[in-house]
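K.L.:
Generate coordinates for the sequence data below:
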Amino acid sequence: MEFTAVYHKTSEQMSYALDENDLVVNLKTGYDVKQVFIHYGDPYDAGILGGCEVWHGKREEICYKKRLRHQLWWTTTLRPQYKRCKYYFELHTDREVWYYLEDGFLTEEQLNMEGRMLQCFTVPWMNPADINRTPEWVNDTIWYQIFPDRFCNGTPEKNTPDIKPWQTGCVKNEERYGGNLEGIRQKLPYLRELGITGIYLNPIMEAESNHKYDTKDYTKIDPHFGEKEDFTRLVKEAHGQGIRVMVDAVFNHCGRQFAPWQDVLKKGQNSPYADWFMINDWSLLNKRADTRDGRFYSFAFTDGMPKINTNNEEVVSYFCEVCEDWIRDYDIDGIRFDVGNEVSHRFLRSLREHLKGIKPDIYLLGEIWHDAGPWLNGDEYDSVMNYPLMSGIHDFFLDESLDKLEFEYMVNRCYTMYMQQNNNVMFNLLDSHDTERLMNRFHNLDIFYQQLAILFTMPGSPCIYYGTEIAMEGGFDPDCRRCMPWDEIDSRENQTRIGAVRTLIEMRKKEDACRSLYFHFPDEYPQKRCVEYIKLDAQGREIEVLLNCSAEDMEVKAGGEVLFGRNFSGGILGENGTLIRRKQ
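P.N.:
Reported below is the predicted structural model:
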């Protein structure tokens, strides 16, 4: 047996309580393992530990597995009677049987050796307080991300001379176009008709820049976007139309006009806020390095902005109060944490406990671009932005040497990184204000809709960036932050594109299988670039997703109700064609 490929631990996503009753157990093995059994039971079935008891446990086969590139991922769900569990694994290859325990591998003879002290895997107690709980409403949410200055100007009559005329095409970061909260409020009927049930706003608190990631005052709405009353009205009306609202929190760094930072610049180490920032060299505090952009480099900075010390207790208390006010004053539903992997774990734990005590179903989302396991154990974020899935989807369509197995491995990797409750509310996206726009990557509408088809059938909570519904183009920042072309929205081309996205959104809402965690890859077609997977709901109802990611037409099997199709006719799925259908 390939012993080095076998791995399990009683923590993180390998062994965890799904809820008060169910215990999820996962195991990695090599492909040489053909069959796995688990022996499990209450640790005290044979008596008090430490005596002469002989514990055996109940034997059950683990039937569910996912294929990773070099390993298999086996999954089972147990229901321990007394909320505690002891277990070990029985692994079968074509020629061997091995027993896998906490301290290693045993033969059957070793396992049954009289007097042997077996070190089984043990879950001592499924403590309700330790269960990773995520807000249920998020899985049903279709998010729409808005960069406020470029979405809609609701008060053009109030434009000041520095506001540029609304336009299509390229923009610059320093340009202001007058998009505001009133403009977003006026477009709520448009979003509702599209099927949107959640708005994610880039920062709206007072800041110097156009993007507002350099916060000046965390307690005030930026006057370029409106007043407190404008945001209150926006959230209230959004809620009235079934739309949740999530704001952006920039706590890793601040703007240079943030009052505590200004105090530090004036008073240095004598400032009461001296420890609010990560300062490495006080002697260089007011000096600029001789660089092209004139940024500070004497201590930790993020894009030229002061880095906040989130280990400081006063900082923790301050931001707890800030977020509490956002919840109490505006009734927001979620908070997205910018640079979410650089604020301290201690800070996040304190903030989560505080905010969940105020609003238990508040959605806490971290911006993390890599494996975020340490942040998703139930005491920090509910979810993260699923950039691994986004990049995996992109790379598959970019690299035509990759076959459908590589797509399967990629998806399975993304959904074996975390616990099921996190996967259920994962923030899935294909582009954002930080990336090239989806349509810009291949300039191909067929591939564009293939990727959207994946987005709306994957577990988690899908988000589209404003303008994606019309396949809006744009390169990397700042080009991805173009103005929404409202004067072109009613064109036949745009209405056709909006209709396609609306169809995908309605399918996502109506079909439980689309939102479900359960999927598998049947491999029924020989074409190497034919992505095929089945989504199942809790009752076993299925939808089939077929993507012909090649230039050759392919014949598909008959049967099923078509829910979404592109380049599909007469049983033929054409080049870069998409077919989603409910199986009969």
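K.L.:
how about the helices in this protein?
P.N.:
108-111, 181-186, 188-194, 228-240, 259-267, 313-330, 345-358, 387-398, 404-414, 420-423, 438-442, 445-455, 492-510, 512-515 (DSSP state H).
K.L.:
just how off-centre is the fifth one within its chain?
P.N.:
Spelled out, that is helix 259-267. 36 Å (CA atoms, centre = their mean, to the nearest Å).
K.L.:
angle of that helix against helix 313-330?
P.N.:
Helix 259-267 and helix 313-330 are oriented at 140 degrees to each other (axes from the mean of the first three to the mean of the last three CA atoms, to 10 degrees).
K.L.:
hmm, back to that, next, format the helices of the chain as a markdown table and append mean pLDDT and mean neighbour count.
P.N.:
To be clear about C-beta, it is placed using only N, CA and C from the backbone, and glycine gets the same treatment. Output for these, formatted as a markdown table (pLDDT from 0 to 100; neighbours: other CB atoms under 10 Å):
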| stretch | mean pLDDT | mean neighbour count |
| --- | --- | --- |
| helix 108-111 | 96 | 12 |
| helix 181-186 | 98 | 22 |
| helix 188-194 | 98 | 15 |
| helix 228-240 | 98 | 17 |
| helix 259-267 | 95 | 15 |
| helix 313-330 | 98 | 16 |
| helix 345-358 | 98 | 16 |
| helix 387-398 | 98 | 19 |
| helix 404-414 | 98 | 20 |
| helix 420-423 | 98 | 23 |
| helix 438-442 | 97 | 21 |
| helix 445-455 | 98 | 22 |
| helix 492-510 | 98 | 16 |
| helix 512-515 | 98 | 20 |
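K.L.:
Save those as CSV, and put in distance to residue 307 too.
P.N.:
Formatted as CSV, the helices of the chain follow (distance: least, CB to CB, whole Å):
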stretch, distance to residue 307
helix 108-111, 54
helix 181-186, 29
helix 188-194, 35
helix 228-240, 27
helix 259-267, 10
helix 313-330, 11
helix 345-358, 13
helix 387-398, 22
helix 404-414, 30
helix 420-423, 28
helix 438-442, 32
helix 445-455, 33
helix 492-510, 39
helix 512-515, 38
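K.L.:
Could you identify the longest strand within this structure?
P.N.:
Longest strand of the chain, by residue count under DSSP state E: strand 572-582.
K.L.:
So in that sheet, which strands flank that one, and in what orientation?
P.N.:
strand 542-548 (antiparallel), strand 554-555 (antiparallel), strand 561-569 (antiparallel) (DSSP bridges).
K.L.:
out of these, deepest packed?
P.N.:
strand 542-548 (a mean of 24; mean count of other CB atoms under 10 Å).
K.L.:
what comes into contact with it?
P.N.:
450, 453-454, 457, 511, 513-514, 525, 527, 529-536, 554, 556, 560, 563, 567, 573-583 (CB atoms under 8 Å, 6 or more residues apart in numbering).
K.L.:
Kindly recompute the last result at 6 Å.
P.N.:
Here strand 542-548 makes contact (CB atoms under 6 Å, 6 or more residues apart in numbering) with 450, 457, 511, 513, 530-536, 554, 573, 577-583.
K.L.:
Export stretch 137-157 to CSV, keeping only CA atoms.
P.N.:
What follows is stretch 137-157, C-alpha atoms only, in CSV (Å, rounded to 0.1, in the frame of the first residue of the first chain):
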residue,chain,number,x,y,z
TRP,A,137,-29.6,32.5,4.1
VAL,A,138,-26.3,32.9,2.3
ASN,A,139,-26.7,29.7,0.2
ASP,A,140,-29.9,31.1,-1.3
THR,A,141,-28.4,34.5,-2.1
ILE,A,142,-27.3,35.8,-5.6
TRP,A,143,-24.8,38.6,-5.0
TYR,A,144,-24.2,41.6,-7.2
GLN,A,145,-21.0,43.5,-6.5
ILE,A,146,-21.1,47.3,-7.0
PHE,A,147,-18.2,49.7,-7.2
PRO,A,148,-20.2,52.8,-6.1
ASP,A,149,-18.6,55.6,-8.1
ARG,A,150,-19.1,53.8,-11.4
PHE,A,151,-22.5,52.2,-11.0
CYS,A,152,-25.1,54.9,-11.1
ASN,A,153,-25.3,58.7,-10.4
GLY,A,154,-28.7,59.2,-8.9
THR,A,155,-28.3,63.0,-8.4
PRO,A,156,-26.7,64.4,-11.5
GLU,A,157,-28.2,67.8,-10.8
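K.L.:
can you pull the buried residues of it?
P.N.:
137-139, 141-154 (16 or more other CB atoms under 10 Å).
K.L.:
same check, this time on stretch 12-29
P.N.:
Buried-residue list, stretch 12-29, by 16+ other CB under 10 Å: 13-18, 23-29.
K.L.:
Same question for stretch 202-213.
P.N.:
By neighbour count on 16+ other CB under 10 Å, the buried set for stretch 202-213 is 202-207, 209-213.
K.L.:
Export those residues to JSON lines and append columns for pLDDT.
P.N.:
Conversion of the buried residues of stretch 202-213 to JSON lines gives the following (pLDDT from 0 to 100):
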{"residue": "202", "pLDDT": "98"}
{"residue": "203", "pLDDT": "98"}
{"residue": "204", "pLDDT": "98"}
{"residue": "205", "pLDDT": "98"}
{"residue": "206", "pLDDT": "98"}
{"residue": "207", "pLDDT": "97"}
{"residue": "209", "pLDDT": "93"}
{"residue": "210", "pLDDT": "93"}
{"residue": "211", "pLDDT": "95"}
{"residue": "212", "pLDDT": "96"}
{"residue": "213", "pLDDT": "95"}
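K.L.:
Which of these fall in strands?
P.N.:
Short answer: the buried residues of stretch 202-213 in strands (DSSP E) are 205-207.
K.L.:
Can you tell me which of the residues you listed is closest to residue 231?
P.N.:
For these, the closest approach to residue 231 (CB to CB) belongs to residue 205, at 9.9 Å.
K.L.:
list the contacts for that closest one?
P.N.:
Here residue 205 is in contact with 215, 218 (CB under 6 Å, 6+ apart).
K.L.:
helices and strands of this protein: which one has the lowest mean pLDDT?
P.N.:
Across the helices and strands of the chain, mean confidence by mean pLDDT, DSSP states H and E is lowest for strand 301-302: a mean of 50.
K.L.:
Figure out the length between the terminal residues of stretch 14-30.
P.N.:
16 Å (CA to CA, to the nearest Å).
K.L.:
Just list the residues touching residue 453, thanks.
P.N.:
residue 578.
K.L.:
Kindly recompute the last result at 8 Å.
P.N.:
Taking CB under 8 Å, 6+ apart, one finds 504, 545, 547, 564, 578, 580 in contact with residue 453.
K.L.:
cool, and residue 8?
P.N.:
14-15, 25-28, 89, 100, 121 are the contacts of residue 8 under CB under 8 Å, 6+ apart.
K.L.:
would you turn these into TSV with pLDDT?
P.N.:
Shown next, in TSV, are the contacts of residue 8 (pLDDT from 0 to 100):
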residue	pLDDT
14	98
15	98
25	98
26	98
27	98
28	98
89	98
100	98
121	97
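K.L.:
just to revisit the earlier point, list just the nearest of the contacts of residue 453 to residue 56.
P.N.:
Once CB to CB is applied, the member of the contacts of residue 453 that ends up nearest residue 56 is residue 545, at 43.4 Å.
K.L.:
So that closest one versus residue 371, what's the distance?
P.N.:
25 Å (CB to CB, to the nearest Å).
K.L.:
just residue 349 next, same as before
P.N.:
19 Å.
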